[in-house]
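1. Sequence and predicted structure below; questions after.
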Amino acid sequence: MGVFAALGFNTLRWNNEPVLGIKGLLLSPLMGLIAAAIFTALAGAGVSFGLWLYSKFRPLTLRMLEDTDAPAT
């Protein structure tokens, strides 16, 4: 979308204003990072809530297997 904005297409908006030219090319990675952070936070909250809800109906148990063949550090 940043390349399209650099070419003059109305693909990026910031505060409901189109961002065109080199500003659009430079702003697109920032907008991508913001969108990724929002989606990650929503997905993390959803997974946390789902695991919490699941643990109310069934107990969650964790098992840890040690690797005895690994060299000691």
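-> Sure, I can see it. Numbering: from 1, shown residues only.
2. What ranges does this protein have for its strands?
-> For the chain, the strands defined by DSSP state E cover 13-14, 17-18.
3. And the first one, what does it pack against?
-> So the one you mean is strand 13-14. Packing partners of strand 13-14 (3 or more Cβ pairs under 8 Å, 6 or more residues apart in numbering; DSSP states H and E): none among the helices and strands. The C-beta positions use only the backbone N, C-alpha and C, and glycine is treated the same way.
4. how close does residue 53 get to residue 14?
-> Applying Cβ to Cβ, to the nearest Å, the value for residue 53 to residue 14 is 37 Å.
5. now do residue 40
-> Going from residue 40 to residue 14 by Cβ to Cβ gives 21 Å.
6. I'd say residue 19 and residue 12 touch.
-> Yes - between residue 19 and residue 12 there is a contact at 4.5 Å, judged by Cβ atoms under 8 Å.
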